[in-house]
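Asks: Sequence first, then the predicted structure, then my questions.
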Amino acid sequence: MMPASATRRAMILHEMGLETWRLRTPADSVAAPAPAVEVVADSLAPAIVADWERLRVAVRDCQGCELHRTRTQTVFGVGHSAPRWVIVGEAPGAEEDRQGEPFVGAAGKLLNEMLRAVGLGRGDVFIANVIKCRPPENRNPTPAEIGACAGHLQAQLDLLAPRLILAVGRIAAQSLLGQNEPVGRLRGRAHAFGPAGIPLVVTYHPAYLLRSPAEKRRAWDDLRLACRLVAPRAS
Ligand code: URA
């Protein structure tokens, strides 16, 4: 009989559509589904906390592009204040615009499962988007909108100083890497982000995976690559 943890893992991989895969990491401690949480590390310097709060207010009040006219609210991001991994998506959708939190719709459910498959809850990572306001009708953000918001994401990454960035989808991958290659060409290898050379892994956007479940195997390979580069949890 499978131990309870193995059964749980099998269930998670099943939800990801990957029942034939076995997790190779010793993830018997797969995290229970975490509610949306903000985890503040005890050791954060007061100056960083102050900068973070200033940034939160700057994003909340931002009128740097036309999207401020149609948003319900900005979507700053959520998660751990000193995460090992930062997940970067594209832009808030309708549900995220309503709730003020990234990845809370159908794609978010799959993102949660992907994280759980490597033993992580939402509170273990920080989840942000390239842009903080919803583009109407869920259209792609324009280069001007991405440019107007780039400073916010950069400031988040500077303050969070993650050990690894997981870019989900084309917009996140191309914006962070400054490249025009499709995800299929950017995924499957380690990139280096910024002057500090933070390891960056590109994978498919969960919304794409919902439409193209056959690609989940590749997304799983990307997650395993990210785990090899930087263990998602301190041992
Ligand atoms: N898709 C994204 O890229 N980000 C979200 O927050 C929700 C859906």
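Replies: Everything's here; your move.

Asks: what helices or strands is whichever helix in the chain runs longest leaning on?
Replies: What stands out as the longest helix in the chain, according to DSSP state H, is helix 143-160. The contact analysis (3 or more C-beta pairs under 8 Å, 6 or more residues apart in numbering; DSSP states H and E) places helix 143-160 against helix 46-60, strand 85-89, strand 126-129, helix 170-177. C-beta: built from backbone N, CA, C; applies to glycine.

Asks: any idea of the mean pLDDT in stretch 132-141?
Replies: Computed over stretch 132-141, the mean pLDDT rounds to 96.

Asks: That one and the ligand, are they touching?
Replies: No: no part of stretch 132-141 sits near the ligand under the criterion C-beta under 6 Å from any ligand atom; the closest distance found is 8.6 Å.

Asks: what's the burial count for residue 41?
Replies: Residue 41 has 11 neighbouring residues, counting by other C-beta atoms under 10 Å.

Asks: Let me know whether it touches residue 82 as I believe.
Replies: Yes: shown here, residue 41 and residue 82 form a contact pair, counting by C-beta atoms under 8 Å, at 3.8 Å.

Asks: Can you tell me the number of residues neighbouring residue 187?
Replies: If you count neighbours by other C-beta under 10 Å, residue 187 ends up with 21.

Asks: Find the helix or strand that the residue nearest to it when sequence neighbours are not counted is a member of.
Replies: Of all residues not flanking residue 187 in the chain, residue 202 sits nearest, at 4.5 Å (C-beta to C-beta, 6 or more residues apart in numbering). Remark: residue 202 resides in strand 198-203, with elements defined by DSSP states H and E.

Asks: So which elements touch that strand?
Replies: Where contact means 3+ C-beta pairs under 8 Å, 6+ apart, strand 198-203 is packed against strand 164-168, helix 170-177, helix 183-186, strand 190-193, helix 216-229.
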